[in-house]
Every structure is written in C-alpha cells, then in structure tokens.
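> any chance you could fold what I've pasted below:
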Amino acid sequence: MRVRTTMTDQQPDPENEARDEVFRQIAATAKSTEDFTNQASRAEALKNLAEAWAFLVSPSNSH
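Okay, here's the model as predicted:
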C-alpha cells in the first residue's frame, strides 16, 4: 500500500489515502464493465464512474 505524506508533518494524509482508495475502486468497477454485453449499460456505468471521480477531486463544482 502506497502512503502519501505531506511535506510539513510527514504524517499520512487521510484525504489522499481516501482518494486513492476510491480511485482503485473506480478502476476495478470500470474493468468489470468489460463483461457488460449491453453497450448502453456499460456507457451508463462508465458515466457514473466519471461523475464520481469528478465529485471526488472537485466537490465544490456542480456535476
């Protein structure tokens, strides 16, 4: 497991760790959509993952 630290205190940064974990989950889910035979379902799943990532990295913007 990769741990990111800040330059000032060298403590693990929980925000970055959470973001990394959500990214791993998004990537795993995106990979699982390869099994979808319905292209519309796959497109919807990938759109939802993109929206989740956008909210994660920039929660103050409307999505």
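> wait, Val22 touches Phe55, no?
No: with contact defined as C-beta atoms under 8 Å, Val22 does not count as touching Phe55 (9.8 Å). The way it works is simple: take the backbone N, C-alpha and C, and place the C-beta from them, glycine included.
> how about Leu56, secondary structure?
helix (DSSP: H, G, I helix; E, B strand; the rest coil).
> what residues does the helix or strand Asn48 falls within touch?
Taking DSSP states H and E as the criterion, Asn48 maps to helix 39-57. With contact meaning C-beta atoms under 8 Å, 6 or more residues apart in numbering, helix 39-57 is reached by Arg19, Val22, Phe23, Ile26, Thr29, Ala30, Thr33, Phe36, Asn61, His63.
> average pLDDT for that helix?
When pLDDT is averaged over helix 39-57, the result is 84.
> how about that helix: buried residues?
With burial defined by 16 or more other C-beta atoms under 10 Å, the residues of helix 39-57 counted as buried are Leu49, Ala52, Trp53.
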